[in-house]
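Peer 1: got a predicted structure plus its sequence, pasted below:
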Amino acid sequence: MRTLLLFLFLISLSIFSCKPVESSESTKQWYKGNLHTHSYWSDGDDYPEMIMDWYKSHDYDFVVLSDHNTLAEGEKWKLIPKSPSHELGFQKYLDKYGDEVQYREDSAGRIEVKLKTLAEYAPMFEEEGKFLIIQSQELTESFESKPLHMNVTNIQKLIPAEGGNSIPEIMQNGLDRVKAQRDSTGVPMFLHINHPNFIWAITPEDIIALNGERFFEVYNGHPQVNNYGDSLRPSMEVLWDKVQAAYLEAGKPLLYGLAVDDAHNYHVFDKNSSNPGRGWVMVLSESLDPASLVEAMERGDFYSSTGVTLESIDFSGKRLNVEVKAEDGISYEIQFFGTKKSSPEESGILLSEVSGTSGSYTLEADDMYVRAKIISSKPKENPYQIGDTETAWTQPVTGK
């Protein structure tokens, strides 16, 4: 009997010792996506299918079409402009999709094309676990000729522009209406602020006045958005840190920074065009579905990039560790930025800098938060600005 019990004990020990250790992190994957781009449904210059094909063939996992104050539903005919690039684009579209293209010619010999809706083109590209299209809208408002643009990721119903009496009021109305739609549908979604420096429309003070904003574009690939500020107005990174410090002082959540294309132009690729492939987010998510991606981003489980790939980001509650997936012959600088509790007016100071493919920073008692910026020596292909090198930004973290 004792021999039998010993045998059973050894068998059970063997079974349990061979069982793999499971953790929530082991099931997560990095997914590459773009949260801001345009098509013929508003002011882009290509068809949804051609745009989806571009992103899917360039190894994106998810993408949105965030057209201005519209969703890709219902019937819409696009009059193709009389220009060589647009006419060539139509011919490419016709060559690729043939009988699936619906078009007609008006009395002046101009071509009109019936645009595919999201319900029609999504099944052509989506593959479970491989490629996802998320519905989005660029909620487009204005105040005293200043453009106020805000993207809503995973929107379920169009939100019309409604105006307001000030810039913060208009943006707060947008936030509140997105929250109302999320609460009523139970579907995770979020609003982010687009290109604050486009026509110098949105100041740090405007964003500081908001309640419930969690995301903005620290990098936008459109050539007219003034990512780097000027002698009088802040860059997006300076704005980020100023708002961050104010939010934390007021007990508000962290503000996260997105990199996006804001692509409009798909035929001519140059520094004067707003092209795809300039900026994206890498999201660490349980799965490739809208709810999982949105919730991961709301936890800060993502980084933004124009080309740098990270091997890992680890935060223990005190120490932020960053490791780069290095390319041969490329050097890297890892910079850690933050703000001191004792001097919040001096926001976004350089706390530490490391040369190499890995770096870490341990939060001190006086640190409000820390975020990392990784700068490579590799020139950015088709850059936002001549001279740009590939860069990445992690999200800010606070100590426990």
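Peer 2: Ah, there it is.
Peer 1: so where do the strands sit in the stretch 301-400 of the chain?
Peer 2: Secondary structure of the stretch 301-400 of the chain (DSSP state E, counting those that start in this stretch): strands located at 302-305, 310-315, 319-324, 332-340, 349-355, 358-362, 367-379, 389-394.
Peer 1: and among those, the most buried is which?
Peer 2: Comparing the strands of the stretch 301-400 of the chain by mean neighbour count (mean count of other Cβ atoms under 10 Å), strand 302-305 ranks first with a mean of 24. Every C-beta, even on glycine, is put in place using the N, C-alpha and C of the backbone.
Peer 1: pairing partners for it, with directions?
Peer 2: Partners of strand 302-305 in the sheet, by DSSP bridges, are strand 280-285 (antiparallel), strand 389-394 (antiparallel).
Peer 1: quick check: angle from the last one to strand 367-379?
Peer 2: Taking axes from the mean of the first three to the mean of the last three Cα atoms, to 10 degrees, strand 389-394 and strand 367-379 form an angle of 160 degrees between their directions.
Peer 1: by how many degrees do strand 389-394 and strand 310-315 diverge?
Peer 2: Using the same axes, to 10 degrees: strand 389-394 against strand 310-315 is 30 degrees.
Peer 1: determine how far strand 389-394 lies from the middle of the whole chain.
Peer 2: Computed by Cα atoms, centre = their mean, to the nearest Å, the chain-centroid distance of strand 389-394 equals 13 Å.
Peer 1: circling back: dump the strands paired with strand 302-305 to CSV, plus distance to Ile80 and mean pLDDT.
Peer 2: Listed next are these as CSV, based on distance: least, Cβ to Cβ, whole Å; pLDDT from 0 to 100:
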stretch, distance to Ile80, mean pLDDT
strand 280-285, 29, 98
strand 389-394, 35, 98
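Peer 1: just to revisit the earlier point, any chance of a markdown table for the strands of the stretch 301-400 of the chain, columns distance to Gly212?
Peer 2: Compiled in a markdown table, the strands of the stretch 301-400 of the chain are given as follows (distance: least, Cβ to Cβ, whole Å):
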| stretch | distance to Gly212 |
| --- | --- |
| strand 302-305 | 19 |
| strand 310-315 | 24 |
| strand 319-324 | 26 |
| strand 332-340 | 21 |
| strand 349-355 | 27 |
| strand 358-362 | 29 |
| strand 367-379 | 19 |
| strand 389-394 | 22 |
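Peer 1: what separates Asp230 from Ser142, distance-wise?
Peer 2: 22 Å (Cβ to Cβ, to the nearest Å).
Peer 1: quick one, which of the two is more surrounded?
Peer 2: Taking other Cβ atoms under 10 Å, Asp230 and Ser142 do not tie; Ser142 has more neighbours (15 against 10).
Peer 1: mind checking what secondary structure that one has?
Peer 2: Ser142 falls in the strand class when you classify it by DSSP: H, G, I helix; E, B strand; the rest coil.
Peer 1: can you list phi and psi of the residue nearest to it when sequence neighbours are not counted for me?
Peer 2: Excluding the flanking residues, the one nearest Ser142 by Cβ to Cβ, 6 or more residues apart in numbering is Leu148, at 6.0 Å. Per-residue torsions, Leu148: phi -120, psi 100 (degrees, to the nearest 10).
Peer 1: returning to that earlier point: tabulate the strands paired with strand 302-305 (TSV), appending distance to Tyr55.
Peer 2: What follows is the strands paired with strand 302-305, written out as TSV (distance: least, Cβ to Cβ, whole Å):
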stretch	distance to Tyr55
strand 280-285	10
strand 389-394	19
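Peer 1: for Ile207, find the nearest of these.
Peer 2: Between Ile207 and these, the shortest gap by Cβ to Cβ is with strand 389-394, which sits at 17.1 Å.
Peer 1: residues in contact with that closest one?
Peer 2: Outside strand 389-394, the residues that touch it by Cβ atoms under 8 Å, 6 or more residues apart in numbering are 218-219, 257, 259, 303-310, 313, 320, 322, 371-380.
Peer 1: Gly279 against Val260, yeah?
Peer 2: Yes: with contacts counted by Cβ atoms under 8 Å, Gly279 reaches Val260, the gap being 5.1 Å.
Peer 1: joint contacts of the two?
Peer 2: With Cβ under 8 Å, 6+ apart, Gly279 and Val260 have common neighbours 34, 219-221.
Peer 1: next, format these as CSV and append distance to Asn194, neighbour count and secondary structure.
Peer 2: Below are these laid out as CSV (distance: Cβ to Cβ, whole Å; neighbours: other Cβ atoms under 10 Å; DSSP: H, G, I helix; E, B strand; the rest coil):
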residue, distance to Asn194, neighbour count, secondary structure
Asn34, 13, 27, strand
Tyr219, 12, 26, strand
Asn220, 7, 27, strand
Gly221, 12, 30, coil
